[in-house]
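K.L.:
Test case, fold it:
(8 chains)
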Protein chains: 8
Amino acid sequence: MTPPVGIIMGSQSDWSTMREAATLLDELGIAYESRIVSAHRTPDRLWSYGKEAAGRGLQVIIAGAGGAAHLPGMMASKTRLPVIGVPVQTKALSGVDSLYSIVQMPKGFPVATMAIGAAGAANAALMAAGILALQDDALAARLDAWRDALSASIPESPTDE
Amino acid sequence: MTPPVGIIMGSQSDWSTMREAATLLDELGIAYESRIVSAHRTPDRLWSYGKEAAGRGLQVIIAGAGGAAHLPGMMASKTRLPVIGVPVQTKALSGVDSLYSIVQMPKGFPVATMAIGAAGAANAALMAAGILALQDDALAARLDAWRDALSASIPESPTDE
Amino acid sequence: MTPPVGIIMGSQSDWSTMREAATLLDELGIAYESRIVSAHRTPDRLWSYGKEAAGRGLQVIIAGAGGAAHLPGMMASKTRLPVIGVPVQTKALSGVDSLYSIVQMPKGFPVATMAIGAAGAANAALMAAGILALQDDALAARLDAWRDALSASIPESPTDE
Amino acid sequence: MTPPVGIIMGSQSDWSTMREAATLLDELGIAYESRIVSAHRTPDRLWSYGKEAAGRGLQVIIAGAGGAAHLPGMMASKTRLPVIGVPVQTKALSGVDSLYSIVQMPKGFPVATMAIGAAGAANAALMAAGILALQDDALAARLDAWRDALSASIPESPTDE
Amino acid sequence: MTPPVGIIMGSQSDWSTMREAATLLDELGIAYESRIVSAHRTPDRLWSYGKEAAGRGLQVIIAGAGGAAHLPGMMASKTRLPVIGVPVQTKALSGVDSLYSIVQMPKGFPVATMAIGAAGAANAALMAAGILALQDDALAARLDAWRDALSASIPESPTDE
Amino acid sequence: MTPPVGIIMGSQSDWSTMREAATLLDELGIAYESRIVSAHRTPDRLWSYGKEAAGRGLQVIIAGAGGAAHLPGMMASKTRLPVIGVPVQTKALSGVDSLYSIVQMPKGFPVATMAIGAAGAANAALMAAGILALQDDALAARLDAWRDALSASIPESPTDE
Amino acid sequence: MTPPVGIIMGSQSDWSTMREAATLLDELGIAYESRIVSAHRTPDRLWSYGKEAAGRGLQVIIAGAGGAAHLPGMMASKTRLPVIGVPVQTKALSGVDSLYSIVQMPKGFPVATMAIGAAGAANAALMAAGILALQDDALAARLDAWRDALSASIPESPTDE
Amino acid sequence: MTPPVGIIMGSQSDWSTMREAATLLDELGIAYESRIVSAHRTPDRLWSYGKEAAGRGLQVIIAGAGGAAHLPGMMASKTRLPVIGVPVQTKALSGVDSLYSIVQMPKGFPVATMAIGAAGAANAALMAAGILALQDDALAARLDAWRDALSASIPESPTDE
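P.N.:
Predicted structure coming up:
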């Protein structure tokens, strides 16, 4: 059965970042699939993934990419499903290239852009959870609990390690 | 009755940008409310808006702000609802300050960040539509039609005006 | 008959920049076609343009785009023909977004990136000419003459207008 | 008894930077409290800290945060006390994101922004000392002495280590 | 009699920005003097202004400068009084040069840096007010009232002009 | 016999980057020469290399340089042959200086600019291959095969290492 | 007779900036010549200008250029005379491209880089004056007088125009 | 006896960069003194160094500093001697802060700015040599020889280490 969330990324090397999304979806009890879909190396895979996404039952797509990061925006062009973009940090430009390539989309094709790197990948999962929770009260409760636990985990004062 | 979408912004001066979101929601037949909620000048208004959002029946919040643009992120801290952030262009830094303040959220509190300025505001409406369409087949059809019309409007060749 | 050069751009609004390429190709006596091919709004047009380019007899593609400028890179993914990218200047980020989205391509899919804006568009035509001149001695002579005339046009000293 | 200075920071990980402020306050004989107050994870703690600050007898608040660093600005919104902001260095953007999020405050809510990182944290303590010294001649003398000692410690010429 | 606040700036051309500080000090009933003190053109004036500031009875110095904006930092080197820096917007670099030159001070010499341009100048006055209010209950009340009035002036909803 | 491709670079230290171009040309069976041609240290070598390039039978020049990277642009001034520029990553500015110095050429002298660093060097070879393939069907077939193999090498899903 | 200073620039359009240098040299009574020497369009002119500069009796060269501004650095490669570089402001990148192309020279070939734009051009003249004044006491006196007059022209206080 | 060149720097930590200038002056047989002169920590030392520089017989001042790097510009304000500025690389902003603080001087007070870091320090020595060589034929010959040796050291082709 198709899970509600698809995590896609431009290459295997993005997985160390995107795994943060997968881990958080696991914590929240949300099923997902993870795929390598390269905008440039496997454009036809991108095409068919995008065209079939809604029909297969996917509800949210999380797309991570670095550099000239075309994957999230091209996926947004092929499906009406919400696409969440994660700019992967890059060696020379620290992910500013990824960020600009993902966030500066023209009118018509939004990508819900997250922070550069691991925090952004984790937040992509939380954004997906927030979207899915609109139709799933149990998930809403789990998300509230996750947020409450995060808040409760903050100590009053800093400590020397 | 509470509409599904709340458009909030830090000041009246943001409205010339955020009106693009309102216009597009109108085109798609999605009801919304628009409010000025300043993170710094009306923090208590932000607090109560965020705390009551889910209970009132809002489903998506679109938040636009410029400069040290704290509104989208603080709203994301107060509600589990999806928050879509629009970086308003600024005079000195062209909205790069707005963009960084909105997109670089820490793990736990995602903001779905759009492009700087008017295109971002329009896309915030389309992202909201994509989210709401997950539970509303008629809206999904209208969104598909809007996208198809956009594509169909592109001429084959450029013309001298 | 298919001309050797295809000028493509993301939208009609890019034409004021890309016309510089067309004008220079005219000056050099190189035939071309000009098309609007939007990566996001007409992805299927991009697909077929790229797939058919080599077979139709195109030799060089000049692609201009602004913002999250995916057109040149996606075209490079669909054809082995040389793709020359022109970053169109943008309102908020002055074309730095366009530049990064075009130039920072991953290994496998080069885009020959030019300067931001009109100078880049003119240079795209000259780069196309330089490529075509490798097989066309008459064009090589015309290109040399164009370059010589440019150099000859430079006065010895600046003058107050 | 409430000390005159409150050092607050967004997370435990900021302490390695903010400890520089604490150390310098110790050197100058200024009492302080240190708290973790996350703008996003503990917004209600931020609220009550800000609301009670003046009444409790705090005189200056030093706030450090990184990324979408909302803590200093939100604290400035909740109290009339001087708020000194320290942009913590970040992994992808080196603290430029922190700097812009802290310094680019709108009219009405100043944050006295310091340099990125450890130098900024130390200087936050010195700025707090300069403010408190306006009402405390003994502290003014200690601050003068600290500054004189710093100047006196500079050797005439550089030496190879 | 020496007023509590000195507004200094690098040149006459900075006055259009720094006047915002003067206006706000007027609104809050705080006396001030305004002087042109150029770090490079009148270094001796800077020297004597800084050396005499505390003795004359000044309590806070607001310093605005643009480009290689050395005035605020050099003033901080000459006096223990709190120095508030305002980065004036510049033609080529939009004030990023001013910002970096003012905020990136080394350990020992803090400058309380405000936002680039007019908002920063106004906020410099408010920061000065917050500092002076620590010893002046009537000013504290006026500052609270100013802040309350600002908050009260925000309408519920945006309006088309 | 003169090979079709000349790889030139500003210094020996650029070789660790530019070797990527050489490796890829080897993979594609394209002959090349590699030379150190420093724009500043050996300007006369640059001059004669440029002047003789077309006459010797070179068809494409790949030029890598870092910092104030003048080599690619100066070479473009001396020859009508296509010049492909590779911005070498630098210590302080990460190659943004190299990128701007190479890509922002004035009208008349295009440099086909690649991504910063190793990916850019590899892509320079692929761009050269695409240009040469216009006159060499066997090379076109090898280039297609290389691209197909790259695409075929992408696994369906990411894996934990 | 050869004057001591040569002002060179990449194109006629740079003259509106570089005229500031000429004007200031006039004020200081320093003779100069002004030439258009384009690194890319007239490389041979650059070559001979550089090779003959010292022999002709030039003592300082002021070179202005914009974008991929190769003129100052290439001139520094051709002559041991001090070369002063002026980054001309550009349309898309505001002269940051010019600045990086001029200032980031490799070891061996310094360019004395000035501020972006008109202030930099004026300062290039003053730097030339400071260099020539080392051997010319009368000029040193005139330079001192110019500096004194500048300082004396600064009013005590700003005035509303 | 006063040497012709003074190397000054803001702190001992800058010596690892500025030593490159000293080493190159040694190679060229130019005498120098090296001093720590902190604009902020020892402003009076800066004052007297600047005021006495010309009278003591110094001819060129090389000034290195990092962050809010005020030393070169303040020195230029105190002496008519040519001041060469070296932007020291910094931790958070890689020396862009140093560069802007040094190069963006207002009209009246030029600083001959070099590249960020070690290359810039070495080039400062070469620039000083070029200035001094205007009055010293033997030095001119040594400088020419140094430049020739640098050029002669460049191998024809790169080699794998």
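K.L.:
can we go C-alpha only for contacts and neighbour counts from here?
P.N.:
Will do.
K.L.:
In the sheet, which residues pair with A:V5? Tell me.
P.N.:
A:Y32, A:V60 (DSSP bridges).
K.L.:
Count the neighbours of it for me.
P.N.:
A count of neighbours around A:V5, defined by other CA atoms under 10 Å in any protein chain shown, yields 24.
K.L.:
Distance check, it against A:L25.
P.N.:
For A:V5, the distance to A:L25 (CA to CA, to the nearest Å) stands at 9 Å.
K.L.:
residues shared between the contacts of those two?
P.N.:
A:31-32 (CA atoms under 8 Å, 6 or more residues apart in numbering or on different chains).
K.L.:
contacting residues around A:G108?
P.N.:
Counting by CA under 8 Å, 6+ apart, A:G108 makes contact with B:122-123, B:126, B:147, B:150, C:41.
K.L.:
go again using 7 Å as the cut-off
P.N.:
B:N123 (CA atoms under 7 Å, 6 or more residues apart in numbering or on different chains).
K.L.:
Kindly report the same for A:Q59.
P.N.:
Here A:Q59 is in contact with A:4-5, A:81, B:134 (CA under 7 Å, 6+ apart).
K.L.:
any idea how far A:V86 lies from A:P3?
P.N.:
Taking CA to CA, one finds A:V86 at 20 Å from A:P3.
K.L.:
who's more crowded, those two?
P.N.:
A:V86 (37 against 14).
K.L.:
wait, isn't that one in contact with A:A63?
P.N.:
Yes: using CA atoms under 7 Å, A:V86 is in contact with A:A63, at 6.1 Å.
K.L.:
Find residues that contact each of the two.
P.N.:
Contact with both A:V86 and A:A63 is made by no residue, according to CA under 7 Å, 6+ apart.
K.L.:
and the most centrally placed residue in chain A, how far is that from chain F?
P.N.:
With distances taken as CA atoms, centre = their mean, the residue of chain A nearest its centroid is A:I62 (3.0 Å). Here A:I62 is placed at a distance of 14 Å from chain F (CA to the nearest CA, to the nearest Å).
K.L.:
which residues in chain A form strands?
P.N.:
A:5-9, A:32-36, A:60-66, A:83-88, A:112-113 (DSSP state E).
K.L.:
In a markdown table: the ones you listed, plus mean pLDDT.
P.N.:
Shown next, in a markdown table, are the strands of chain A (pLDDT from 0 to 100):
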| stretch | mean pLDDT |
| --- | --- |
| strand A:5-9 | 98 |
| strand A:32-36 | 98 |
| strand A:60-66 | 98 |
| strand A:83-88 | 98 |
| strand A:112-113 | 98 |
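K.L.:
Turn the ones you listed into CSV, including distance to B:G50.
P.N.:
Output for the strands of chain A, formatted as CSV (distance: least, CA to CA, whole Å):
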stretch, distance to B:G50
strand A:5-9, 26
strand A:32-36, 29
strand A:60-66, 24
strand A:83-88, 22
strand A:112-113, 20
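K.L.:
Tell me which of those sits nearest to E:Y32.
P.N.:
strand A:112-113 (46.5 Å; CA to CA).
K.L.:
how about that closest one, does it reach chain B?
P.N.:
Yes: applying CA under 7 Å from any CA of the partner chain, one finds strand A:112-113 touching chain B at A:112-113.
K.L.:
Identify the residues contacting stretch A:85-101?
P.N.:
Residues outside stretch A:85-101 that contact it (CA under 7 Å, 6+ apart): A:14, A:17, A:62-70, A:72, A:102, A:111-117, A:120-121, C:68, C:97, C:100-101, D:92-93, F:89, F:94-95, F:116.
K.L.:
which ones among the residues you listed are found in helices?
P.N.:
If you go by DSSP state H, the contacts of stretch A:85-101 have A:17, A:72, A:102, A:120-121, C:97, C:100-101 in helices.
K.L.:
Just the buried ones out of those, please.
P.N.:
A:17, A:72, A:102, A:120-121, C:97, C:100-101 (16 or more other CA atoms under 10 Å in any protein chain shown).
K.L.:
Of the residues you listed, which pair is most distant in space?
P.N.:
Farthest pair in these (CA to CA) is A:T17 and C:D97. Separation: 22.8 Å.
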